[in-house]
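Visitor: A predicted structure for the sequence below; I have some questions about it.
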Amino acid sequence: MLETSFFTDTDFTRYRTLVYNESGIHFTTTNRSILESRIKEQLREKHIGSVQDYYTLITNDKAELQNFLDSITTNLTRFFRNQAHFDMLQDYVVPELMKFKKDNHTIKIWSAGCSTGEEPYTIAMVLQNILPLPWHFEIIASDLSLKCLMVGKEGFYSDNQVEGIPSNYLTKYFDHVAGGYKIHKDLVSKVRFDYHNLKHDPGFRNFDVVFCRNVIIYFDEVAQVEVINRFWQAMSLKSFLFIGHSESLFGMDTQFEFVKTKWGTLYQKSV
Ligand SMILES: C[S@@+](CC[C@H](N)C(=O)[O-])C[C@H]1O[C@@H](n2cnc3c(N)ncnc32)[C@H](O)[C@@H]1O
């Protein structure tokens, strides 16, 4: 990439180091232009004249830094993204947990890097559909993008966004409202949206299932191992980890076991 006077190599190094230290997100020279264009947008929005002034602002003001990190995230998501994962959840993970957790009928799930909520609500619909009483579930959905978390809390999705939801689920769990669909209140109440940066220990514990899909792909390997090991700490004795289908723990120094099922692969913690 050619150096521009607007955003010099020195600027790029300072910004990418800051982003990496604060979030684990790793900008390579190949995707430098993405970082540059996101910074340009921020300068325009905030009427700031130089990348150096903007750097001073975000390193001196926590809210501005949060807003900047939000602006550089990629939030692409959709309902039932990678359907095989939800088949595995329904037909492999839940039956396994029901055998193991005989005295405790609650299944705790963490959707880490939940974006605008499609992933945690998909999990909620699947579980609501299959769990017999007295079983119930709790979902924590976290992200570092406050904008995304607000969309998730609202539980409103446009006609385009609900494409891909099987019609029986759409009828059962959504109300058709002006301009789109709204998730039923009781399902919304089962998902708690929380700000959390995966760079830090969440303090959450005892999850039976963690979904962290299409998130660590933006991290380098050092940051990936740190996050995966934090999941290990946050998970219960027998529990399951889903990562994105283009992500892998292969060759990484972690304690998770690789599990191959007829629906696809996932990882298991068993101690
Ligand atoms: C591509 S979306 C994936 C959404 C969903 N998991 C899926 O697979 O459809 C990645 C999400 O990870 C979030 N993210 C990236 N780095 C993060 C970090 N350090 N802590 C928390 N969330 C992060 C982004 O804000 C974004 O919403």
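Guide: Everything's here; your move. Numbers count the residues shown, from 1 in each chain.
Visitor: can you list the residues of this protein near the ligand?
Guide: When proximity is defined by CB under 6 Å from any ligand atom, the chain lies next to the ligand at 23-25, 73-77, 81, 113-115, 119, 143-145, 148, 197-199, 213-215, 218, 244. To be clear about C-beta, it is placed using only N, CA and C from the backbone, and glycine gets the same treatment.
Visitor: May I see the PyMOL selection of the buried members of these?
Guide: Burial among the residues of the chain next to the ligand is assessed by 16 or more other CB atoms under 10 Å; the matching PyMOL selection reads:
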select buried, resi 23+24+25+73+77+81+113+114+115+119+143+144+145+148+198+199+213+214+215+218+244
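Visitor: taking the residues of the chain next to the ligand one by one, which sit in strands?
Guide: residue 143 (DSSP state E).
Visitor: Can you report how many residues neighbour the nearest residue to residue 147 once chain neighbours are set aside?
Guide: Nearest residue to residue 147, sequence neighbours excluded (CB to CB, 6 or more residues apart in numbering): residue 70, at 5.8 Å. Residues near residue 70, counting by other CB atoms under 10 Å, number 16.
Visitor: Report the contact partners of residue 70.
Guide: Counting by CB atoms under 8 Å, 6 or more residues apart in numbering, residue 70 touches 144, 145, 146, 147, 148.
Visitor: average pLDDT for stretch 133-147?
Guide: Taken as a whole, stretch 133-147 has an average pLDDT of 97.
Visitor: Correct me if wrong: residue 233 contacts residue 200.
Guide: No. Look at residue 233 against residue 200 with CB atoms under 8 Å: they stay out of range, at 11.9 Å.
Visitor: follow-up on the earlier one: check which helix or strand covers the residue nearest to residue 147.
Guide: helix 62-72 (DSSP states H and E).
Visitor: And the very next helix or strand once past that helix, how far out from the chain middle?
Guide: Downstream of helix 62-72, the next assigned helix or strand under DSSP H and E is helix 83-88. Its chain's C-alpha centre and that of helix 83-88 lie 17 Å apart, by CA atoms, centre = their mean, to the nearest Å.
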